[in-house]
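Colleague: Kindly generate the corresponding structure for this input.
(4 chains)
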Protein chains: 4
Amino acid sequence: MSQSTNLSVARLLITCQDKPGIIAAVSAFLKNHGANITELDQHSTDPEGGTFFMRLEFQTAHLDLPSENLEKVFAEEVARPFNMTWQLHYAKNLKKIALLVSKHDHAFLEVLWRWSRGELPIDITCVISNHPDLKPQADHFKVPFYHIPVTEQTKPAAETKMLDICAQFKIDGIILARYMQILSPKVVQAFSHRIINIHHSFLPAFVGANPYQQAYDKGVKLIGATAHYVTEELDMGPIIAQDVVRVTHRLTVEKLKELGQNVEKTVLARAIQSHAEDRIIINGTKTIVFDLH
Amino acid sequence: MSQSTNLSVARLLITCQDKPGIIAAVSAFLKNHGANITELDQHSTDPEGGTFFMRLEFQTAHLDLPSENLEKVFAEEVARPFNMTWQLHYAKNLKKIALLVSKHDHAFLEVLWRWSRGELPIDITCVISNHPDLKPQADHFKVPFYHIPVTEQTKPAAETKMLDICAQFKIDGIILARYMQILSPKVVQAFSHRIINIHHSFLPAFVGANPYQQAYDKGVKLIGATAHYVTEELDMGPIIAQDVVRVTHRLTVEKLKELGQNVEKTVLARAIQSHAEDRIIINGTKTIVFDLH
Amino acid sequence: MSQSTNLSVARLLITCQDKPGIIAAVSAFLKNHGANITELDQHSTDPEGGTFFMRLEFQTAHLDLPSENLEKVFAEEVARPFNMTWQLHYAKNLKKIALLVSKHDHAFLEVLWRWSRGELPIDITCVISNHPDLKPQADHFKVPFYHIPVTEQTKPAAETKMLDICAQFKIDGIILARYMQILSPKVVQAFSHRIINIHHSFLPAFVGANPYQQAYDKGVKLIGATAHYVTEELDMGPIIAQDVVRVTHRLTVEKLKELGQNVEKTVLARAIQSHAEDRIIINGTKTIVFDLH
Amino acid sequence: MSQSTNLSVARLLITCQDKPGIIAAVSAFLKNHGANITELDQHSTDPEGGTFFMRLEFQTAHLDLPSENLEKVFAEEVARPFNMTWQLHYAKNLKKIALLVSKHDHAFLEVLWRWSRGELPIDITCVISNHPDLKPQADHFKVPFYHIPVTEQTKPAAETKMLDICAQFKIDGIILARYMQILSPKVVQAFSHRIINIHHSFLPAFVGANPYQQAYDKGVKLIGATAHYVTEELDMGPIIAQDVVRVTHRLTVEKLKELGQNVEKTVLARAIQSHAEDRIIINGTKTIVFDLH
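Modeller: Numbering: from 1, shown residues only, chains lettered A, B, ... in the order given. This is a model prediction of the structure:
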């Protein structure tokens, strides 16, 4: 099991203008209230007037006040003076996730499999698909499956239904495991920076249909995948994780696709892990990912 | 020293329509003339009517006829019946290379350094640059340096001069080690599939100026490099080698550039090695690279 | 699905003393009988009197004689003159595998999961374990589970029982997915070079108990895994596949173990794939692995 | 040029027993004296009574007191209360290095080459060798070369001479770039945790002579290198950096050695970089390496 799933752990994510004294103020505050800091990572875009980002992980066992009060006091004593944007998460509150998929099952099943094995500290509460095909697989993992067909005409209604289901399950975030519909701004805004998508990536990039065929025709030596947060601009949201695999001329288009899907699976899993452990802070068009390795 | 620089070695590269019997015919021919095959690698795009590619490396010590005759007999007895396109190279004939560079010295010096250390089995006969800056470095490695300034007006004359120098040195190929001028079709055609270029590569690709700044702004997690043969379509020629390095939000634009240049250096060196050892066959828009690892 | 699971494909593996004409003889033979060679890979330890290894993959659709006859004629016309050791396998005959496991489920479940997803072209016919714990998981994947406890006293009887089960299922090979008993020479010889084991590997190697604790204490920067064929000398059989993952001081012993198990899973899967597709020839204490990438 | 070679930068390395308030105390101290923290990285072996390690990099331009005073005040106000072991380094004071080598030139020349290119922020003041062979190469890079032959009898005298030279150049540390003599405890203690060595590493490890031959015989699929600090126990000091390269059966012993030397070069360079930028803290038998990527 992941070392970060220790249930008496909290994570504090902070963004503010950089100036001297931030780390001192935050760590003194936590110390004074009985928190033991177990991980601290920080980043500054520029020590002179840049933006400062910090992630702290701390033990909550010996806190001297309940968590609601901790947040209130932190807001007043630390966050306000430094004009911080901040979040506090407790590891025991697994993020409630809706898993969206169309027909390709490779990323979808990998997420369910790793999750069922305890490797992904999230709570997959439901599967939503615009096709009925993968219901048996969702059933197999005992996750409720909702078939919501989408056509150009029905898209607004379908998305309303989707948002209703998300509301019903108190969804914190959405994972697109090869969901082949473009989400409208309404959905993207409702889960801003909480929707993760995975797609293939190539050097160079290939625009248009059938990118693996293009990669084959071009004889690329690497194929890869990118996991990113979804924004209104298609496939251009902040990148969370990327990886590549080496390929050769010996591989058919089919085999390239197979290897590409394997990279998609591992990159998506890595992105979910970072997201689930509150290791990511958004910085405009990009991410700060405070990973351990 | 590379294991392929054994001087009594020859390499036969073959392309033809696939049909049964090619390997048998070629290997029987070589056997009958006293050649011992030490490496054989082949590839077929489709066994039913696809294109067939083969590379053989063989010892020439016990050949029963001189190399000119070998080629003539091979042409008649094997190549013609199978309608082969083929090349025969001898390892002892190092390819004569012109190294082109502008002002960035990282790839340029890496090639000269590795070459001076005996790691690249080529013969760097001259350096040609549109700037005078790197003459001392060329002098240091005892390679003649030609400064040929290029402006929009003087480009045709400059390229003529460049081709003259290449003719004078009996150049077999050109390495662009960050040469920032676009070669005209005249030069590209003169050294078709014998000009190697290196450039940075990103996931996704960034168009326009200052790609490292764009990569930084976008927060990419991988930066890479691509070595390819130059064709008339800019940066779109057949890819020879690619690699990436993992990066994080902690790295400045300057540091991204530094790491990117390191990848460029190793990818260019790898591409030169494959080219120098006759491991590459062009297949339309792509390469077959018969590397050992 | 893997490109090598094309069911009308056969694979010929050859070992013999190197001398000119082998490739010619084999490929001419196959051509003359209507086989189209789709992959050919070969290796020679030394062209002058070394050992020669070759793997051919060919389409069987247009063979001019049934497979039994093909083997007989090949034996007489080609294998005997060159004094070859050889094997001919048909892709449609998936290897029948017994999966052995003790209590650690990570490698075990990964193999079952990938197999159930069609990624491993083998036939897992039964699970044998010296503990009852993983029966539910075997049931889940609908594979018969045999609990054969092993103590020092009962080991001979237990192994006899194990061999009986293997005989009953006509087992071709055994995969040790963290089976913590040492197999006796009787079992090893019965499945010589057909038992695959996976274990962790470190730089440097750590002898004795709790290697992950030792790796942690030593502060290694890489942890890895090795898949190999089992021989009578413990963990010293021919290596099939190896890989490593980068680690840092931030990771606990538990997290190192988790990452190490992930590497074990991927390395074991890769080794099984190579074995299943007949890509491996044993050369004394080592392997020749004719992989595609 | 490396982003850490900014000359108005200082680095503070701290080790102490973990307890709440350390980060607060250190960062408040630096803030109060006008330092802007640009990098902060910390690690705790156990928040409850474990050992705490921290590295801070800060701008010195606006310090309100000279560096001698800063150290004195820090010692009194911060280090003493927390019983810290600590070091303060200024980037402008490049570490003075003696480069030791025997006859193998690959690691030696790589260090000199990268250093001459400005890639390694150290000051290579002299080369010491037990053989005269590499003097021309040292001359080429304009570094004084000292030939100190070593035999069993002359070793004590030779090491005294070596230490004299180190004293004369005010050496801070030693890099063993394939120096094939074992340093006596006297030298090791004189430069405790300031001597870096590089050696090949294999999975599994091979004891005895000619490890590349053993690796070849064993058919390993990865070969690697380890850089470590030298301690009195041979090749067992704290590991700084490790890497591997993938190899296949196609490679000769010579080629394995060549690839292994390439890994040695890059791993040694990486270790020197981390050491030069004060990114390493020793924790008993292991290192904490606060690298950026």
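
Colleague: Alongside chain D, which residues does chain A contribute?
Modeller: A:20-21, A:23-25, A:27-28, A:30-31, A:35-38, A:40-42, A:44, A:47-48, A:59 (C-beta under 8 Å from any C-beta of the partner chain). Where C-beta positions appear, they are placed from N, C-alpha and C, glycine not excepted.

Colleague: Run through the residues that contact residue A:17.
Modeller: A:49, A:50, A:51, A:52, A:82, A:83 (C-beta atoms under 8 Å, 6 or more residues apart in numbering or on different chains).

Colleague: Could you find the closest non-adjacent residue to the fifth one?
Modeller: It stands for residue A:82. Closest residue to residue A:82 apart from its sequence neighbours, by C-beta to C-beta, 6 or more residues apart in numbering or on different chains: residue A:16 at 4.9 Å.

Colleague: For the one you found, give me its contacts.
Modeller: The neighbourhood of residue A:16, defined by C-beta under 8 Å, 6+ apart, consists of A:22, A:51, A:52, A:82, A:83, A:84, A:85.

Colleague: Surely it is in a strand?
Modeller: Yes. Assessed with DSSP: H, G, I helix; E, B strand; the rest coil, residue A:16 lies in a strand.

Colleague: Tell me the pLDDT of it.
Modeller: Per-residue pLDDT puts residue A:16 at 97.

Colleague: partners of it in the sheet?
Modeller: Beta-bridge pairing for residue A:16 (DSSP bridges): residue A:52.

Colleague: rewinding a little: which ones among the residues of chain A next to chain D map onto strands?
Modeller: When DSSP state E is applied, these are split such that A:36, A:37, A:38, A:40, A:41, A:42, A:44, A:59 fall in strands.

Colleague: And the helices in chain A?
Modeller: Per DSSP state H, chain A carries helices over the ranges A:22-32, A:67-74, A:80-82, A:106-116, A:135-140, A:155-168, A:185-190, A:211-218, A:253-276.

Colleague: would TSV of the ones you listed with mean neighbour count be doable?
Modeller: Conversion of the helices of chain A to TSV gives the following (neighbours: other C-beta atoms under 10 Å in any protein chain shown):
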stretch	mean neighbour count
helix A:22-32	22
helix A:67-74	14
helix A:80-82	13
helix A:106-116	22
helix A:135-140	15
helix A:155-168	15
helix A:185-190	15
helix A:211-218	19
helix A:253-276	21
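
Colleague: so residue A:161 makes contact with residue A:148?
Modeller: Yes. Using C-beta atoms under 8 Å, residue A:161 is in contact with residue A:148, at 5.4 Å.

Colleague: give the contact list for the closest residue to chain B within the stretch 1-150 of chain A.
Modeller: Closest to chain B within the stretch 1-150 of chain A is residue A:43: 5.9 Å, counting by C-beta to the nearest C-beta. Going by C-beta under 8 Å, 6+ apart, residue A:43 touches A:52, A:53, A:54, A:288, A:290, B:249, B:250.

Colleague: How about it: what's its closest non-neighbour residue?
Modeller: residue A:53 (4.7 Å).

Colleague: you'd agree the one you found is up against residue A:280?
Modeller: No. The pair residue A:53 / residue A:280 is not scored as a contact, 10.2 Å apart, by C-beta under 8 Å.

Colleague: okay, and the common contacts of these two?
Modeller: What both residue A:53 and residue A:280 touch, as defined by C-beta under 8 Å, 6+ apart, is the set residue A:288.

Colleague: For residue A:59, give its distance to residue D:249.
Modeller: Applying C-beta to C-beta, to the nearest Å, the value for residue A:59 to residue D:249 is 51 Å.

Colleague: Hmm, I typed the wrong one, I wanted residue A:101.
Modeller: 41 Å.

Colleague: roughly how far is the least confident helix or strand in chain A by mean pLDDT from the heart of the chain?
Modeller: Ranked by mean pLDDT, DSSP states H and E, the weakest helix or strand in chain A is strand A:36-44, scoring a mean of 85. Here strand A:36-44 is found 20 Å from its chain centre; the criterion is C-alpha atoms, centre = their mean, to the nearest Å.

Colleague: Could I get the buried residue list for it?
Modeller: Neighbour counts over strand A:36-44 (16 or more other C-beta atoms under 10 Å in any protein chain shown) mark A:36, A:37, A:38, A:39, A:40, A:41, A:42, A:43, A:44 as buried.

Colleague: Stretch A:98-105 now?
Modeller: A:98, A:99, A:100, A:101, A:102, A:104, A:105.

Colleague: contacting residues for the fourth one?
Modeller: I take that to be residue A:101. Residues in contact with residue A:101 (C-beta under 8 Å, 6+ apart) are A:107, A:108, A:127, A:128, A:129, A:134, A:176, A:177, A:178, A:179.

Colleague: For the residues you listed, which two are the farthest from each other?
Modeller: Farthest-apart pair in these is A:107 and A:128; separation 14.6 Å (C-beta to C-beta).

Colleague: residues in contact with the closest residue to chain D within the stretch 151-293 of chain A?
Modeller: Closest to chain D within the stretch 151-293 of chain A is residue A:246: 9.1 Å, counting by C-beta to the nearest C-beta. By C-beta under 8 Å, 6+ apart, the contact list for residue A:246 reads A:221, A:222, C:293.

Colleague: Tell me how far the first one lies from residue A:247.
Modeller: Using C-beta to C-beta, one obtains 6 Å as the distance from residue A:221 to residue A:247.

Colleague: Between these two, point out the one with more neighbours.
Modeller: More crowded of residue A:221 and residue A:247, by other C-beta atoms under 10 Å in any protein chain shown: residue A:221, with 25 against 21.

Colleague: Burial check on the closest residue in space to the more buried one that isn't next to it in sequence, number of neighbours?
Modeller: Spatial nearest neighbour of residue A:221, chain neighbours left out: residue B:242 (4.2 Å); criterion: C-beta to C-beta, 6+ apart. By other C-beta under 10 Å, 25 other residues sit near residue B:242.

Colleague: Quickly list what residue B:242 is bridged to.
Modeller: Beta-bridge pairing for residue B:242 (DSSP bridges): residue B:226.

Colleague: That one is in contact with residue A:218, isn't it?
Modeller: No. With contact defined as C-beta under 8 Å, residue B:242 does not count as touching residue A:218 (11.0 Å).

Colleague: how about the nearest residue to residue A:240, chain neighbours excluded?
Modeller: In space, and not counting its chain neighbours, residue A:240 is closest to residue A:271: 4.1 Å by C-beta to C-beta, 6+ apart.

Colleague: if we can go back for a sec, show me the contacts for the residue nearest to residue A:221.
Modeller: Residues in contact with residue B:242 (C-beta under 8 Å, 6+ apart) are A:203, A:220, A:221, A:222, B:201, B:224, B:225, B:226, B:227, B:267.

Colleague: Tabulate the residues you listed (JSON lines), appending pLDDT.
Modeller: Below are the contacts of residue B:242 laid out as JSON lines (pLDDT from 0 to 100):
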{"residue": "A:203", "pLDDT": "79"}
{"residue": "A:220", "pLDDT": "94"}
{"residue": "A:221", "pLDDT": "96"}
{"residue": "A:222", "pLDDT": "95"}
{"residue": "B:201", "pLDDT": "90"}
{"residue": "B:224", "pLDDT": "94"}
{"residue": "B:225", "pLDDT": "95"}
{"residue": "B:226", "pLDDT": "95"}
{"residue": "B:227", "pLDDT": "96"}
{"residue": "B:267", "pLDDT": "97"}
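
Colleague: Among those, which one sits closest to chain C?
Modeller: Distances from chain C to those, taken by C-beta to the nearest C-beta, are shortest for residue A:221, at 10.1 Å.

Colleague: Quick check on that closest one: phi, psi?
Modeller: phi -100, psi -10 (degrees, to the nearest 10).
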